[in-house]
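# Take a look and give me a structure for this.
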Amino acid sequence: MIKAVYTGTFDPVTNGHLDIIERASKMYDVLYVTIFINPHKTCLFTVEERMEMLREATKQFPNVVIDESSSLAVEYAREVGAQVLVRGLRATEDYNYESLMCFTNQYLDDGIETVFLMTRLAYTFVSSSFVKEIVSHKHSVEGLVPACVEKKLIEKYRG
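Residues are numbered from 1 along each chain as shown. Alright, predicted model coming up:
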């Protein structure tokens, strides 16, 4: 059984994230989609809210497990018995950052592989930060996030 871990802040989950989740869920027996808690990052949504949105958005993928952690990715992967870290890439800026992260993870545990998946072209510009900015200016993000996420964003920004 091959287990993989896909980590992120997911504040909030976007259709770009879901593209990676859907494709990775077909590649591995179990895919842990794990919210990594970064104490240096200020998030719009609580961990519980992000977990709820991820559960709703991924309910059609039976082999996806939603979790949260404050460990390093390789430590978490070891904890759950995963052999692979899945990382999504949109553009060269992502590659530069993610390759350094990959080399760091190899240093920490060279037995855990990192697999990069390019997002589909339609999502190359989508980021959680851009989505929040768009909604904060009262514009629709339909097609960029799942409907359940758009609803939560509107509630946060418009009361």
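
# How confident was the prediction at Ala91?
At Ala91, the pLDDT value in this model is 84.

# list the contacts for it?
Counting by Cβ atoms under 8 Å, 6 or more residues apart in numbering, Ala91 makes contact with Thr124. From N, CA and C alone the C-beta is placed, and that goes for glycine too.

# Which strands and helices lie in contact with the longest helix along the chain?
The helix that spans the most residues within the chain, counting by DSSP state H, is helix 92-108. With contacts defined as 3 or more Cβ pairs under 8 Å, 6 or more residues apart in numbering; DSSP states H and E, helix 92-108 has these neighbours: helix 73-80, strand 84-89, strand 113-118.

# quick one, which of these is packed in tightest?
Most buried of the helices and strands packed on helix 92-108 by mean neighbour count (mean count of other Cβ atoms under 10 Å) is strand 84-89; its value is a mean of 21.

# got the angle for that one vs helix 92-108?
Angle, strand 84-89 to helix 92-108, by axes from the mean of the first three to the mean of the last three Cα atoms, to 10 degrees: 160 degrees.

# residues near Gln36, how many?
You called it Gln, but residue 36 is Phe. For Phe36, the neighbour count with other Cβ atoms under 10 Å is 19.

# shaky segments in the protein?
Residue ranges of the chain with pLDDT under 70: none are present.

# what about the strands in it?
With DSSP state E as the criterion, the chain has strands at 3-8, 30-36, 64-69, 84-89, 113-118.

# Take those and write them to CSV, including distance to Lys138.
As requested, those are exported to CSV (distance: least, Cβ to Cβ, whole Å):
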stretch, distance to Lys138
strand 3-8, 26
strand 30-36, 27
strand 64-69, 30
strand 84-89, 28
strand 113-118, 32
